[in-house]
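Undergrad: Here is my input; please provide its structure:
(one chain, ligands or ions: 2)
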Amino acid sequence: MSKPPIRVAVTGAAGQIGYALLFRIASGQMFGPDQPVALNLIEIEPGLKPLQGVVMELDDCAFPLLTEVVQTSDLAEGFKGVNWALLVGSVPRKAGMERADLLGINGKIFVGQGKAINDNAAKDVRILVVGNPCNTNCLIAKEHAPDIPADRWFAMTRLDENRAKTQLAQKAGVPVSEVTNLCVWGNHSPSMYPDFYTAKIGGKSAAEVIGDEAWLKETFLPKVGKRGAEIIGARGASSAASAANAVVDTVVALTTPTAPGSFTSVCVLSNGEYGVPEGIITSLPIRTDGNKWEVVKGIQLNEFSKEKIAASNAELTEEKKVAFEALQG
Ligand SMILES: NC(=O)C1=CN([C@@H]2O[C@H](COP(=O)(O)OP(=O)(O)OC[C@H]3O[C@@H](n4cnc5c(N)ncnc54)[C@H](O)[C@@H]3O)[C@@H](O)[C@H]2O)C=CC1
Ligand SMILES: O=C([O-])CC(=O)C(=O)O
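TA: Ligands and ions are numbered 1, 2, ... in the order given. Model (predicted):
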């Protein structure tokens, strides 16, 4: 007998990321080759017509695992019974903007979505926020969903982790699979800290294998931090296929046991781990048994790392203040 479907809501389903993401969910790449899925696709009114076209394409793929597709702009209908909510829908930045500039535009969206998830989702719902600025948007949604436990809320820095791994692999001249234990700490913004001191290449310290601290500090860090802007500059639009890929990677990482001794980067609600201020959604090293997750303990951070992490978290604390003041005003 086949398993009951996992019901997945995707907001902004007719957008760029949606177009790269839905087909991967429906094909089984997110939940596995024997796990049926149902899709609840949520768009604002003007997005419903293009969404129809995307759904025609989903139909035309004849995915054996796809049991149902709901198309709606009604949040209660869209989040009804969902086990996962992938919150992508929101405005992307243009050249010259920082992601935090989107707070005033996008923040409000996450109030209504938080409430609708609270009132309609399945009891086991887990939420991944992608729409920028994703950390603070996640916090806004969480604050408006009082019945959903805090450990169900995630925002995405896996794209930054993947970017950082590739940069290190290319510099070291090794396959990217050799790079492990790369935690991105802090905000999904240029202040993020991809921790090259803790990362490993072929099981050895990445910093020692690279052997060029000046490159790591002065080239690698800004390269990863500003990669999103670099892509906007080249493509004229923000990253979409790689973002969708990171959504798949994040959900897989949270639903399958983490390899022994390893971890992945996900933004979660801080509880003061590693001296991080409590009550912000910040990127931390996470491991899981596929169901329950925990922040990995005992990573030794040097002064440089501590300063970088503190600066990014100070930015998040300020972003939180500005966002919640704006929502009240
Ligand atoms: N966290 C991360 O690593 C990344 C985050 N992003 C962010 O993801 C978001 C989406 O990016 P794209 O798909 O490229 O944008 P897009 O503009 O191509 O698509 C966004 C879609 O969301 C829809 N939408 C807008 N407001 C909505 C609402 N209230 N409810 C439901 N749908 C709504 C729009 O109609 C549109 O179809 C942006 O905020 C972007 O900055 C992008 C890349 C990486
Ligand atoms: O940079 C942007 O605006 C889109 C994004 O979050 C990324 O590519 O990391």
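Undergrad: Compute the distance between Glu45 and ligand 1, please.
TA: Distance of Glu45 to ligand 1, computed by Cβ to the nearest ligand atom, to the nearest Å: 9 Å. C-beta: built from backbone N, CA, C; applies to glycine.
Undergrad: So which residues on the stretch 1-150 of the chain come close to ligand 1?
TA: Residues of the stretch 1-150 of the chain lying near ligand 1 by Cβ under 6 Å from any ligand atom: 11-12, 14-18, 42-44, 47, 88-93, 109, 130-132, 134.
Undergrad: now the stretch 1-150 of the chain, which segments are flagged as low pLDDT?
TA: For the stretch 1-150 of the chain, applying pLDDT under 70 flags the ranges 1.
Undergrad: Just the closest residue of it to ligand 1, please.
TA: Gly15 (1.9 Å; Cβ to the nearest ligand atom).
Undergrad: returning to that earlier point: mind checking which of the residues of the stretch 1-150 of the chain next to ligand 1 are in helices?
TA: Those of those mapping onto helices are Gln16, Ile17, Gly18, Ile109, Cys134, per DSSP state H.
Undergrad: circling back to that earlier point, check contacts around the residue of the stretch 1-150 of the chain closest to ligand 1.
TA: Gly47, Val88, Gly89, Ala240 (Cβ atoms under 8 Å, 6 or more residues apart in numbering).
Undergrad: Quick check: the gap between the nearest residue to the third one once chain neighbours are set aside and Thr317.
TA: Ranked by Cβ to Cβ, 6 or more residues apart in numbering and with sequence neighbours excluded, the top spatial neighbour of Gly89 is Gly12, at 2.6 Å. Distance of Gly12 to Thr317, given as Cβ to Cβ, to the nearest Å: 27 Å.
Undergrad: Quick check: pLDDT value at the residue in the chain positioned nearest to ligand 2.
TA: Distance from ligand 2 to each residue of the chain (Cβ to the nearest ligand atom) is smallest for Gly228, at 2.1 Å. Listed pLDDT for Gly228 reads 97.
Undergrad: Can you report how many residues neighbour the spatially closest residue to Gly53 that is not a sequence neighbour?
TA: Sequence neighbours aside, Ala14 is the residue nearest to Gly53 in space, at 7.9 Å (criterion: Cβ to Cβ, 6+ apart). Ala14 is flanked by 24 other residues according to other Cβ atoms under 10 Å.
Undergrad: coming back round to it: just send the ones in helices among the residues of the stretch 1-150 of the chain next to ligand 1 back as CSV, with neighbour count too.
TA: As requested, these are exported to CSV (neighbours: other Cβ atoms under 10 Å):
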residue, neighbour count
Gln16, 18
Ile17, 26
Gly18, 25
Ile109, 20
Cys134, 29
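Undergrad: returning to that earlier point: in this structure the residue nearest to Gly89 contacts Pro50, no?
TA: No: contact criterion Cβ atoms under 8 Å: Gly12 and Pro50 do not qualify, at 11.1 Å.
Undergrad: So between these two, which is more surrounded?
TA: More crowded of Gly12 and Pro50, by other Cβ under 10 Å: Gly12, with 25 against 15.
Undergrad: so what's that one up against?
TA: Applying Cβ under 8 Å, 6+ apart, the residues near Gly12 are Gly18, Ile42, Glu43, Gly47, Val88, Gly89, Ser90, Gly131.
Undergrad: Close to ligand 2: what parts of the stretch 51-200 of the chain are there?
TA: For the stretch 51-200 of the chain, the residues in contact with ligand 2 (Cβ under 6 Å from any ligand atom) are Pro92, Arg93, Arg99, Asn132, Leu159.
Undergrad: Make CSV out of the residues you listed and add neighbour count.
TA: Formatted as CSV, those follow (neighbours: other Cβ under 10 Å):
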residue, neighbour count
Pro92, 22
Arg93, 19
Arg99, 24
Asn132, 27
Leu159, 24
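Undergrad: Looking at these, which two lie furthest apart in space?
TA: Arg93 and Leu159 (14.4 Å; Cβ to Cβ).
Undergrad: in the helix or strand harbouring Val111, what counts as buried?
TA: Using DSSP states H and E, the secondary-structure element containing Val111 is helix 109-120. Applying a neighbour-count criterion of 16 or more other Cβ atoms under 10 Å, one finds Ile109, Phe110, Gln113, Gly114, Lys115, Ala116, Ile117, Asn118, Asn120 buried in helix 109-120.
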